[in-house]
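task: produce atomic coordinates for the following.
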Amino acid sequence: LPVLAQITSLQLLTDSIGVLRKKDFNKIKQFLLKDKVGSTYKTKNSYIILIDRDLIIIDKFMSLKKNILELHIGRNIRFGNYNYFLSDNVDEVSFTSNPNQELIDFDKIKNKKLILRNWEHGDYFTPLGMHGTQKLSDLLINNKKNIFQKNTQTVLTANGQIIWVCGLRIDNSVSITSGTKNYLEIKRSYIQA
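Presented below is the predicted three-dimensional model:
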């Protein structure tokens, strides 16, 4: 689309018709022409415009709250846009490719406090199958997560140690081995708006 059509579309999508002055219009035009992946522009009425590869993504700016919730086995809990559920009633051990469903060694986290929270800069963990640690920021970059996805990324911790980067990877410390006797299933499901 030509830049004028893009700006008009952005005005419609961000409810800013009539709000843009020539100076604002030129700033958005320069932003769109720069076309640098990962670039963001904050509008006057609290929208963020993100250039993400072949897409332009628009979302309402929300300041991140430091949400922290304790999880308990057998209880459904809502956190952000997802419902989370832990079950120790695992009759049949089967693995799935669903990134929102994980099976871990229950004995490795038994009697530990399970906390669900947003990730923070400086967080690290040992991804399944690795021996060394990895920064979560690197994992998110490697998985091509944009700024909106990064801002809503959650982690599950056991006594402060990250055991699951939700929807991406579990920590090696809770992986199932040939000696595993008890299993814990972790599920999360997206809540439709």
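
count the residues that sit near the closest residue in space to residue 86 that isn't next to it in sequence.
Once its chain neighbours are removed from consideration, residue 86 has its nearest residue in residue 73; the separation is 4.7 Å (CB to CB, 6 or more residues apart in numbering). Using the backbone N, CA and C atoms, a C-beta is placed for each residue, glycine as well. If you count neighbours by other CB atoms under 10 Å, residue 73 ends up with 14.

ok, now which ones touch residue 73?
With contacts taken as CB atoms under 8 Å, 6 or more residues apart in numbering, residue 73 has the following neighbours: 86-88, 184.

now, those residues that are in helices?
Among the contacts of residue 73, no member falls in helices (DSSP state H).

that older thread, now do the SS call for the residue nearest to residue 86.
Assigned by DSSP: H, G, I helix; E, B strand; the rest coil, the conformation of residue 73 is coil.

surely residue 48 is in contact with residue 56?
No: when contacts are counted by CB atoms under 8 Å, residue 48 is not listed as touching residue 56 (11.1 Å).

which residues sit against the longest helix anywhere in the chain?
Taking DSSP H as the criterion, the chain has its longest helix at helix 22-34. Applying CB under 8 Å, 6+ apart, the set of residues contacting helix 22-34 from outside is 3, 6-7, 10, 20, 39, 41, 44, 49, 51, 56.

the helix or strand bottoming out on mean pLDDT in the chain: how far from the chain's middle?
Within the chain, judged by mean pLDDT, DSSP states H and E, the helix or strand with the poorest mean is helix 3-13; its value is a mean of 73. Distance, stretch centre to chain centre, for helix 3-13: 28 Å (CA atoms, centre = their mean, to the nearest Å).

next, the buried residues of it.
Applying a neighbour-count criterion of 16 or more other CB atoms under 10 Å, one finds 6-7, 10-11 buried in helix 3-13.

again, but for stretch 81-96
Within stretch 81-96, the residues that qualify as buried by neighbour count (16+ other CB under 10 Å) are 82, 84-86.

show me the contacts for the residue nearest the centre of the chain.
Centre of the chain computed as the mean C-alpha position; nearest residue by CA atoms, centre = their mean is residue 153, 2.3 Å away. By CB under 8 Å, 6+ apart, the contact list for residue 153 reads 118-119, 136, 140, 145, 165-166.

separation between it and residue 160?
Here the criterion is CB to CB, to the nearest Å. By it, residue 153 lies 18 Å from residue 160.
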